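*Asks:* Would you be able to build a 3D model of this:
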Amino acid sequence: MRIIARNTIIQFTERHPDARPALEHWYRVAKAANWKTPQQVQSSFSKCRPLNAERVRFEIHGGNYRMIVAFDYQRGVAFIKFIGTHAEYDRIDALTVSQF
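*Replies:* Numbers count the residues shown, from 1 in each chain. Have a look, this model is predicted:
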């Protein structure tokens, strides 16, 4: 997959260094993947949850953080839409958020 907004991950891990290993792992797996469905994403990350046909919510660092990614499966692109704390996630609409 082509990851859009990788810089978002870097900036987030500068503010939350404890999330760095988990986000780096996510990036490596996603970059190497060729997912075509939300179910394929879920087979790689069992704690993620498809929100609709496009968006998937990932638990990061034991659920302390959340990341929402919108996928264009046909083009092989993943757009990072949101990364934040669990409390920040509770205040957004996961289906429409576009933080970056």
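
*Asks:* Please, where are all the helices along the chain?
*Replies:* 6-15, 20-32, 38-44, 86-90 (DSSP state H).

*Asks:* Below-threshold pLDDT in this structure: ranges please.
*Replies:* Across the chain, the ranges flagged by pLDDT under 70 are 100.

*Asks:* need the contact list for the spatially most distant residue from the centre of the chain.
*Replies:* For the chain, the residue at maximal distance from the C-alpha centroid (CA atoms, centre = their mean) is Q74, at 17.8 Å. If a contact means CB atoms under 8 Å, 6 or more residues apart in numbering, then Q74 has no contacts. Quick note: C-beta positions are derived from backbone N, CA and C, even for glycine.

*Asks:* Please apply the same query to V41.
*Replies:* Per CB under 8 Å, 6+ apart, neighbours of V41: 33, 35, 48, 50, 56, 71.

*Asks:* roughly how far apart are it and L51?
*Replies:* Computed as CB to CB, to the nearest Å, the V41 to L51 distance reads 11 Å.
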